[in-house]
Every structure is written in structure tokens, then in C-alpha cells.
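A.B. asks: got a predicted structure plus its sequence, pasted below:
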Amino acid sequence: MNRRLRLLSRFAIAIGVSLLVVVMQLHITPNFGQAPTASAAVPYQLPPSSAKLSYSYGLWTPTKFDTCPKWLHDTYWVYGPDNKVYPTWHPPTDTDPNTGKTCTYGHEHGRNPNSSKLVSWGLPFGYVNEQLSLSDPQHPRHEDHVGHKIEWKNDVRVGLPGGGTGPLCQILVKLHQGTHSKDAFTNNMHELFYYVSCDNGAKIKWQGMHLFGGAGKFSGVCGGEKTLGYFDPTTSPTIDNESARIIPDKQCLDNLVAKVKQGQNASTEYYKNYFEDWTAGFIHGLYRKNDGQLLDHYGQEGFNRNYSKLFDMTAGTYFRVSVPSRYFDPTKVDNLGRRIDMCSIPEIATLQGDCIYVNNLLKAGQKVTWDDPRSPFNGTTRVVHFDWVAVRNSTNTDTWYSNAMGTIIRSQPDASKGITIQQTISKTRDAMYYFGNQEGNFDADGVHAPN
């Protein structure tokens, strides 16, 4: 818990985010869920048979709880910059054209981006994963479909470091933040899109595989660092900075039960079991030595900044999920403790409304499993703390190219080194803006873990 507090409290001075730009080549109107046509968008259209499909397209298959057909889900797609087909945002419910009735997909992707002023910049889920697989086919990083989450704010009059306000800005993020599986216990590499545009010309767009904490380990909310050793891909770097995946662990549950048995107020301990915090710890910069050698800065410990800085970008963003379906329990298969099972523990059964609700269903003869839509533990309540973004670009170019992880950034693409993702940072000499946060509850009919 001390590490968790330390990580969060040190954001304003210690973490950063490298935000560069990828210009998406959208072949549809900004009305998600409608396929491309030569003129008006036509709903319920699958990609043309000649289109190249990405690995991430078509991954989702309905569970026994989901009533929308797979083909309908697959009509929500966009072309990526590589002209492949990718899945994108869709509503959690839809109208099945075969029946005319409302159906459910069982998962949600966050705030509807159609109303974001940055929606046209593109949201091809899995695009960066695809580029990583192409550049290093022996070490791919595949992520499931349901974990892609979107949040945004329009027309933010940003704050300035010395007080007062700055330009009017738009911001949008898309992060793959799965909180239902064992994946984040060990894997630190997750796809992130980060878009910012201000009316003074400041603009950053970034698409990359971001490193949240160390590979093969995570930070337990109550039990400290958990090192498991294995991770995927095995090439994932560990960056010793303030980034982390902070996940409730069995120690939190044990502390809660002990407090209740002692007759003490257990509210604080209860809510320690309630949240996951992913702290970004982003920084991406490019420096040049006197001999012309380029040095990439991406948060690695001991980096020498005493050289000419071409650009850098930092941000204090972190991501919180309330009521995820999982917690870390080394006594369980795959270390997966299910939060709903906590409700069967006598000391917790009547402690808070969630478990009271679950146990009332049980008394009525209705068994509720961890992946049931009736379970309140589905991870649909989230807060994105955008906090601050800083941009410093002393060059005369705003177009760059990076590898999937952003550990190499150059002015020209080089496929032989995996430098294929077009990124952009405006020629803004020195700016730091405060965006605040955005929170939302994206629960809807039929949504359940995995989500």
C-alpha cells in the first residue's frame, strides 16, 4: 500500500508520457459501426472479401450470456494505416437486424468516441500489436478484444503550471486494460493511443505498446511487489520508473476479514479490495550527442540527459478501474481470485451492497458466477486521471516514426528495425498543460466479465 501511495503521489514530478502522432487512414465516416462505402455509410456491412484482416479482427465470440451474433459484432471495423481491417468501438447493445430486437455483446469499450472531436484520428484496436508481430514474429503480443477502453474530454480550458489557464484542448485515450484475466499479473506491455489537440497548434498523437511496470511482476495493493518470473513476450523490457500495475491481492482480503473479526470498522480495508490503478510513467524523448549519435529516452534508469535535446514528451496520466472481477490469489488456479467468491465468506457476506445483492440472489435460488451479467464485479466503472501533459520540440519537424514500444524514434521509417509507426508531435517549443480527470460508469444491459 505504501508503494501504491508513493507511486500516485509522485506523478506530478516523476512520470511522463511520450505522445507522438499517427494519422489514421479511415475509410469510413466517423459513425462507428457502419462499414465504408463510396458515398453514405451502410450499416451492418462486413469488410470486402479482398480486404486484408488484422489478427485482432474477428477475435470476439459470443458467450452463453451474449445475444448479439458474431457477424453483427464484426461489422464494427476500420482500416488502419496499413490498410488492414481492425475492430473498433461499438455500443454494448445493438439491434439484431434479423429479429428487430435488442441484443447484447456482453462487453463495453468505454465512452462513445463519436462525440469526441478527435474521433477522426482513428481507433483501430490492435494496430500496434500487429506492427510488433510483423517486426518480431517470434515475440508477438496479442491482447483480447474486450479490454480496449476509450475515454476523452472535449473543449478543456487547460491549466498552466504557474496558475491561470491556457489554450482550449481536446484529449482522447484508448488503453487496453484488461481486469478479468491473469494477463496483467505478468505482462506489462499494453496498447495505448494518446491524442491531444489544442487551438494554439499544440498537437500530439501516439500509438504504441506502453510498458506499465515491470515484466513478470506487479504491485500488490496490500502485499507489496509480486514477482512471478514469466511473461509474454519474453522480450518485454522492464523500465525502472514510476509506472506500475497496482492490483488487489489476497493480503487485502485477509486484512479485511481480520478487521471484521476484531469488530473494527472495515470500510477502508474493503475498498482496498476494490480498485486497480495503472500508473503510466510515460516519457519519450530524443537526444543527440556531439558526434551526431541519437539517444532514445523512454524512462530507462540512469539515462544521461546532458546532451542536445531534440524533443521530449511527458504526462502524468493514470488509469483506475473500480470493482474488477479479479484479484491476485496464489492459492487459486492461474493465481486468479474471483471477487464474487468473496461474498461467500461470512465476514463479508453482508458488509457492503454488492455482496448483499449477490447473496439475496443466492437465497432466491439464483447462482451467480463471476462471468454472469448479474454480477456487480465487471470493471465498468473507471476514472482516467489525465493530469498533465508536457511537450518540448526544438526541431523543425512534427512527423516521426517509431517501433511498437517507442524505444526507437527516428525521422524516417526503417522496417528492418521495426520503425514503421508514424508518430507526430507539434513543433511546440515548451508547453505543459493540466487536463484534470474524467470518470464514467459504462455498465449496460448484458455487460459482464470478461470485460
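C.D. replies: That came through, no problem. Residues are numbered from 1 along each chain as shown.

A.B. asks: where's the residue sitting nearest the centre point of the chain, which helix or strand?
C.D. replies: Closest residue to the average C-alpha location of the chain: Leu175 at 2.0 Å, with CA atoms, centre = their mean. Element membership for Leu175, per DSSP states H and E: strand 165-176.

A.B. asks: output the helix or strand just after that strand as CSV, nothing but the C-alphas.
C.D. replies: As assigned by DSSP H and E, the chain's next helix or strand after strand 165-176 is helix 183-186. Extracted in CSV, the C-alpha atoms of helix 183-186 (Å, rounded to 0.1, in the frame of the first residue of the first chain):
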residue,chain,number,x,y,z
ASP,A,183,-2.6,-11.4,-18.1
ALA,A,184,-1.7,-8.3,-16.2
PHE,A,185,-0.2,-10.3,-13.3
THR,A,186,2.8,-10.8,-15.5
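
A.B. asks: change the start of the numbering to 226 and stick with it
C.D. replies: That works, and once the first residue is 226, the last one we named lands at helix 408-411.

A.B. asks: so for helix 408-411, mean pLDDT?
C.D. replies: For helix 408-411, mean pLDDT is 97.

A.B. asks: packing partners of that helix?
C.D. replies: strand 442-445, strand 469-472 (3 or more CB pairs under 8 Å, 6 or more residues apart in numbering; DSSP states H and E). All C-beta atoms are positioned from the backbone trio N, CA, C, and that covers glycine.

A.B. asks: work out for me the element Phe544 sits within.
C.D. replies: Phe544 belongs to strand 543-547 when assigned by DSSP H and E.

A.B. asks: now do that strand: which elements does it pack against?
C.D. replies: Using 3+ CB pairs under 8 Å, 6+ apart, strand 543-547 is in contact with strand 500-504, strand 606-618.

A.B. asks: list the beta-bridge partners for Gln432.
C.D. replies: In this entry, Gln432 is beta-bridged to Phe418, by DSSP bridges.

A.B. asks: was I right to think it contacts Glu355?
C.D. replies: No: Gln432 is not in contact with Glu355 according to CB atoms under 8 Å; the separation is 10.9 Å.

A.B. asks: who's more crowded, these two?
C.D. replies: The neighbour count for Gln432 versus Glu355, taken as other CB atoms under 10 Å, is higher for Gln432 (30 against 22).

A.B. asks: for the closest residue in space to Phe536 that isn't next to it in sequence, what are its contacts?
C.D. replies: Excluding the flanking residues, the one nearest Phe536 by CB to CB, 6 or more residues apart in numbering is Asn618, at 4.1 Å. Residues in contact with Asn618 (CB atoms under 8 Å, 6 or more residues apart in numbering) are Leu535, Phe536, Ile650, Ser651, Lys652, Thr653, Arg654.

A.B. asks: please list only the buried members of those residues.
C.D. replies: By neighbour count, with 16 or more other CB atoms under 10 Å, the contacts of Asn618 hold Leu535, Phe536, Ile650, Ser651, Thr653 as buried.

A.B. asks: can you tell me which of those residues are in helices?
C.D. replies: Nothing among the buried ones among the contacts of Asn618 maps onto helices, per DSSP state H.

A.B. asks: which one of the residues you listed is nearest to Leu520?
C.D. replies: Nearest to Leu520 among the buried ones among the contacts of Asn618 is Leu535, at 9.6 Å by CB to CB.

A.B. asks: coming back round to it: C-terminal to the strand holding Phe544, what's the next element?
C.D. replies: By DSSP H and E, the next helix or strand past strand 543-547 is strand 551-553.

A.B. asks: who does the next helix or strand after that following strand touch, helix- and strand-wise?
C.D. replies: Next helix or strand after strand 551-553 toward the C-terminus (DSSP H and E): strand 561-563. Helices and strands touching strand 561-563, by 3+ CB pairs under 8 Å, 6+ apart, are strand 551-553.

A.B. asks: next, the distance between the ends of stretch 284-292.
C.D. replies: End-to-end distance of stretch 284-292 (CA to CA, to the nearest Å): 17 Å.

A.B. asks: so what's the gap between that stretch and the chain middle?
C.D. replies: 22 Å (CA atoms, centre = their mean, to the nearest Å).

A.B. asks: quick one: buried residues of that stretch?
C.D. replies: Leu284, Trp285, Pro287, Asp291, Thr292.

A.B. asks: stretch 510-522 now?
C.D. replies: For stretch 510-522, by 16+ other CB under 10 Å, it's Gly510, Leu511, Tyr512, Leu520, Asp521, His522.

A.B. asks: measure stretch 573-584 end to end?
C.D. replies: OK, stretch 573-584 end separation, CA to CA: 11 Å.

A.B. asks: same question, stretch 492-504
C.D. replies: Taking CA to CA as the measure, stretch 492-504 stretches 24 Å from start to finish.

A.B. asks: then stretch 628-636?
C.D. replies: Its start and end residues considered, stretch 628-636 measures 12 Å (CA to CA).

A.B. asks: quick one: that stretch to chain centroid distance?
C.D. replies: Stretch 628-636 has its C-alpha centroid displaced from the chain centroid by 19 Å (CA atoms, centre = their mean).

A.B. asks: among the helices and strands packed on helix 408-411, which is nearest Leu271?
C.D. replies: Of all these, strand 469-472 comes closest under CB to CB, at 35.7 Å.

A.B. asks: list the contacts of the helix or strand just after that closest one.
C.D. replies: Next helix or strand after strand 469-472 toward the C-terminus (DSSP H and E): helix 475-486. Helix 475-486 is contacted from outside by 445-448, 490-491, 494-495, 497-498, 552-556, 562, 567, 570, 572-573, 576, using CB under 8 Å, 6+ apart.

A.B. asks: write a ChimeraX command that selects only the buried members of those residues.
C.D. replies: Listed next is the ChimeraX selection for buried residues among the contacts of helix 475-486, using 16+ other CB under 10 Å:
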select :445,446,447,448,491,494,495,497,498,552,553,554,562,567,573,576
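
A.B. asks: alpha carbons of the strand holding Leu400, as PDB, please.
C.D. replies: What follows is strand 390-401, C-alpha atoms only, in PDB (Å, rounded to 0.1, in the frame of the first residue of the first chain):
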ATOM      1  CA  THR A 390      -5.500  28.900 -17.900                       C
ATOM      2  CA  GLY A 391      -4.100  28.100 -21.300                       C
ATOM      3  CA  PRO A 392      -5.500  27.100 -24.700                       C
ATOM      4  CA  LEU A 393      -8.700  25.100 -25.400                       C
ATOM      5  CA  CYS A 394      -7.800  21.500 -25.900                       C
ATOM      6  CA  GLN A 395      -9.200  18.100 -26.800                       C
ATOM      7  CA  ILE A 396      -7.900  14.800 -25.400                       C
ATOM      8  CA  LEU A 397      -8.600  11.100 -26.100                       C
ATOM      9  CA  VAL A 398      -7.000   7.900 -24.800                       C
ATOM     10  CA  LYS A 399      -7.500   4.300 -25.800                       C
ATOM     11  CA  LEU A 400      -5.900   1.800 -23.500                       C
ATOM     12  CA  HIS A 401      -6.100  -2.000 -23.400                       C
END
